[in-house]
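*Asks:* structure here, sequence nowhere to be found:
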């Protein structure tokens, strides 16, 4: 059976969610979405299929107001929100095919620069191989020690788990010492001019 890259359709949602969950089960920071996200701006939403099976996906949202989605203030920004391929189909060029087609279609909406963010090492390698340039790094932390999170309690709300971003200007070692996070992940921003 041959690979087909096509636009996502609403009737794909159940199969898309199944594919997305399987991809995210392999991920360090997977989301396990039950429904496909909806976006406010112009989008390119693609699926890769082999036969009737969705084996990959890609979502790009084009920024309608500068600096509302992307870090850099420039015209023609787009955010690569999601791209993934089922593990058993990786290494066949499906991710690259999705990205090439996503960029081609995004250009029709004014896409000039594409931004992507990830904590996944495999994704970082994929972006660099594709020609993206890393432009920013920060860290994600996941804290679950209740005694370390009490300072965030407000208005009768007790914080029992915290997922937070630690920006470069913060002292990561001090944050780790203070909150004893269960997980610390380096997140990298990538960009490519198209």
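*Replies:* Received it, and whenever you're ready, just let me know what you need. Keep in mind that what you see is a predicted model, and the values were worked out from it rather than measured. Numbering: from 1, shown residues only.

*Asks:* mind giving me the domain split of this structure?
*Replies:* 3-134+189-193, 138-186 (automatic domain parsing).

*Asks:* export the ones you listed as CSV, with columns for mean neighbour count and mean pLDDT.
*Replies:* C-betas here are computed from N, CA, C, even on glycine. Output for those, formatted as CSV (neighbours: other Cβ atoms under 10 Å; pLDDT from 0 to 100):
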stretch, mean neighbour count, mean pLDDT
domain 3-134+189-193, 17, 95
domain 138-186, 13, 96
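
*Asks:* first-to-last residue distance for stretch 83-94?
*Replies:* 10 Å (Cα to Cα, to the nearest Å).

*Asks:* same thing with stretch 66-78?
*Replies:* Stretch 66-78 has an end-to-end distance of 10 Å (criterion: Cα to Cα).

*Asks:* what's in contact with that stretch?
*Replies:* Defining contact as Cβ atoms under 8 Å, 6 or more residues apart in numbering, one finds that stretch 66-78 is touched by 41, 60-63, 79, 106, 109-115, 135-136, 189, 191.

*Asks:* equivalent analysis for stretch 107-126, please.
*Replies:* 27-29, 42, 44, 60, 62, 69-72, 74-80, 83, 95, 103, 106, 127, 132, 134, 140, 185-194.

*Asks:* returning to what we had before: out of the contacts of stretch 66-78, which sit inside helices?
*Replies:* Secondary structure from DSSP state H places residue 106 of those in helices.

*Asks:* next structured bit after the host helix or strand of residue 16?
*Replies:* Using DSSP states H and E, the element containing residue 16 is helix 13-25. Counting by DSSP H and E, the next helix or strand C-terminal to helix 13-25 is strand 43-50.

*Asks:* need the strands for this structure, in chain order.
*Replies:* With DSSP state E as the criterion, the chain has strands at 3-7, 43-50, 53-62, 77-85, 113-118, 133-143, 162-166, 183-193.

*Asks:* to residue 17, which of those strands lies closest?
*Replies:* strand 53-62 (9.5 Å; Cβ to Cβ).

*Asks:* quick one, the closest one and strand 113-118 angle?
*Replies:* If you take axes from the mean of the first three to the mean of the last three Cα atoms, to 10 degrees, strand 53-62 sits at 120 degrees to strand 113-118.
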